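Q: Could you look at this predicted model? Sequence included:
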Amino acid sequence: MLKSGFFLHFIIGFQLIVQAQKLPDTSTDSLIKSSAQKIVIKNLEIPKVQIDEQLIQHTAYSLVYNEKYEQAKWIAYELTSSETIKLYERTNNFLVDPLIKTGSANDADYAGSGFDRGHLAPASDMGWSSLSMVESFYYSNMSPQSPSFNRGVWKRLEELIRFWAVENEAVYVVTGPVLTSNLGFIGANQVAVPTYYYKVILDYSEPNIKGIGFILPNVGSSETLSNFAVSIDSIEKFTGIDFFPLLPDDQEKFIESSCCISCWSWKNTSKITSNETKTSTAIQCSGNTKAGERCGNNTTNATGYCHLHISQSEESSGAQTDIKPRNSSSAQCFGTTKAGARCKRKTLSPNGKCYQHGAD
């Protein structure tokens with residue numbers, strides 16, 4: 001993706017790199033060479049912001065909020081190796097984001113919905129400061145996620161990215177929901193319930209600069225994470241978001257067009273954590289009693305329902321009056337690859353096809 005005027009910006013940036021080798025302090029430059037191993041581009045993680053969008057920047061992450069769907073369009077941040085060391089515990093204090101002028105979602109929107117308040121930027125990535133931990137619980141960083149997805153495969157991917165941050169010293173992460181017009185919703189504020197989520201990761205450390213993307217359906221899965229890996233280009237086409245626009249054009253084209261599985265370490269990714277079947281912390285059951293009140297039992301079941309109301313978990317996406325029906329489980333895509341084989345991806349789409357082969 002060529003960007004007009006960027007070539008001139010890159011030439012100026014290259015001159016700054018040369019100057020950085022002579023000057024002792026270049027910390028304010030937009031493009032500097034901090035060491036022989038790493039080139040730093042300021043705000044590299046931030047996708048292209050459209051004219052009608054507001055860029056919101058918190059201590060540890062930036063975002064663009066989509067008022068129509070009452071959640072972030074994307075969350076972007078750099079995660080360094082040192083930031084993976086947790087100094088502060090989770091607050092579990094969910095707050096309305098004070099920087100969202102139109103107001104974000106709130107507690108009432110999620111109450112009794114059957115969906116988790118799923119972090120887009122995980123709290124475990126924000127434990128390096130007290131303020132970043134507090135801000136990670138803003139509702140602008142939440143999205144309605146199936147409990148088995150949030151506490152299972154999504155959590156495994158978050159853990160993998162932290163491992164990559166340590167292994168590569170730092171990674172740039174962009175994550176969010178895939179927002180489309182046919183989604184169901186929960187709550188009075190009509191918070192959309194995404195069918196898919198994505199993560200895009202960039203390692204910009206030499207000599208092995210690389211990028212990778214993930215598309216995951218909003219359901220539990222025991223599949224290995226590499227099965228969900230795709231090129232960044234394919235996620236751009238699926239979401240309409242231009243990731244890493246500050247990269248030099250030749251680098252951007254190369255990094256985003258490929259999906260090199262072997263370029264990344266996949267340590268322990270085939271291991272299914274205990275959170276695939278239950279969460280380590282008990283939460284209040286999302287089920288309703290015969291009297292129409294919310295169940296008072298606590299449960300560690302990943303569905304969010306206790307043993308008395310487990311049957312309601314399969315109905316939760318259709319039982320709420322403000323949630324449109326959707327598939328409750330994923331199935332193998334009916335699409336055919338370029339090699340003529342059946343696609344191995346999972347899909348929630350009613351037409352039985354994944355996003356690459358024409359999902360509804």
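A: Yep, that arrived.

Q: Let me know the helix or strand that residue 161 is in.
A: helix 154-167 (DSSP states H and E).

Q: what's in contact with that helix?
A: The list of residues contacting helix 154-167 from outside it, by CB atoms under 8 Å, 6 or more residues apart in numbering, reads 79-81, 83-84, 118, 122, 124-125, 145, 171, 173, 197, 199, 201, 203, 214, 216, 225, 228, 264-267, 269, 272-273, 275. To be clear about C-beta, it is placed using only N, CA and C from the backbone, and glycine gets the same treatment.

Q: are any of these buried, and which?
A: 79, 83-84, 118, 122, 124-125, 145, 171, 173, 197, 199, 201, 203, 214, 216, 225, 228, 264, 269, 275 (16 or more other CB atoms under 10 Å).

Q: for the top strand by length along the chain, packing partners?
A: When the chain is parsed with DSSP state E, its longest strand is strand 71-80. With contacts taken as 3 or more CB pairs under 8 Å, 6 or more residues apart in numbering; DSSP states H and E, strand 71-80 sits against strand 62-66, strand 142-145, helix 154-167, strand 170-177.

Q: Can you pull out the low-pLDDT segments for the stretch 201-350 of the chain?
A: The stretch 201-350 of the chain contains residues with pLDDT under 70 at 268-296, 298-342, 346, 348-350.

Q: switch to 80 and redo it
A: The stretch 201-350 of the chain contains residues with pLDDT under 80 at 267-350.

Q: now do the stretch 1-150 of the chain
A: 1-39.

Q: That one: strands as residue ranges?
A: Secondary structure of the stretch 1-150 of the chain (DSSP state E, counting those that start in this stretch): strands at 31-33, 39-41, 55-57, 62-66, 71-80, 116-119, 142-145.

Q: would a markdown table of those strands with distance to residue 91 be doable?
A: Listed next are the strands of the stretch 1-150 of the chain as a markdown table, based on distance: least, CB to CB, whole Å:
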| stretch | distance to residue 91 |
| --- | --- |
| strand 31-33 | 35 |
| strand 39-41 | 31 |
| strand 55-57 | 20 |
| strand 62-66 | 19 |
| strand 71-80 | 18 |
| strand 116-119 | 12 |
| strand 142-145 | 14 |
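
Q: so which of those strands gets nearest residue 94?
A: For residue 94, the closest of those is strand 116-119, at 6.1 Å, according to CB to CB.

Q: elements contacting the closest one?
A: Taking 3+ CB pairs under 8 Å, 6+ apart as the contact cut, strand 116-119 packs with strand 142-145.

Q: contacting residues around the strand it packs on?
A: Residues contacting strand 142-145 (CB under 8 Å, 6+ apart): 71-72, 94, 105, 110, 113, 115-120, 154, 176-177, 186, 191-194, 197, 218.

Q: who's the closest residue to residue 99 other than its chain neighbours bridged to?
A: Distances taken as CB to CB, 6 or more residues apart in numbering put residue 56 closest to residue 99, at 5.0 Å, once the chain neighbours are dropped. Counting by DSSP bridges, residue 56 is bridged to residue 63.

Q: quick check: domain ranges of the chain?
A: 34-274, 283-319, 330-360 (automatic domain parsing).

Q: tell me the most buried of those domains?
A: domain 34-274 (a mean of 19; mean count of other CB atoms under 10 Å).

Q: circling back to that earlier point, return the residues in contact with the residue nearest to residue 99.
A: Applying CB under 8 Å, 6+ apart, the residues contacting residue 56 are 62-65, 97, 99-100, 140.

Q: Could you dump these into TSV with distance to residue 241 added?
A: What follows is the contacts of residue 56, written out as TSV (distance: CB to CB, whole Å):
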residue	distance to residue 241
62	13
63	12
64	9
65	14
97	20
99	20
100	19
140	17
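
Q: Residue 132 against residue 123, yeah?
A: No. Checked against CB atoms under 8 Å, the pair residue 132 and residue 123 is beyond contact range at 9.3 Å.

Q: neighbouring contacts of stretch 44-53?
A: 55, 62, 64, 73-74, 76-78, 172-174, 202, 204, 241-247.

Q: switch the cut-off to 10 Å
A: Identification of contacts with stretch 44-53 by CB atoms under 10 Å, 6 or more residues apart in numbering yields 1, 3, 31, 55, 57, 61-66, 73-79, 171-174, 176, 200, 202, 204, 236, 239-247.
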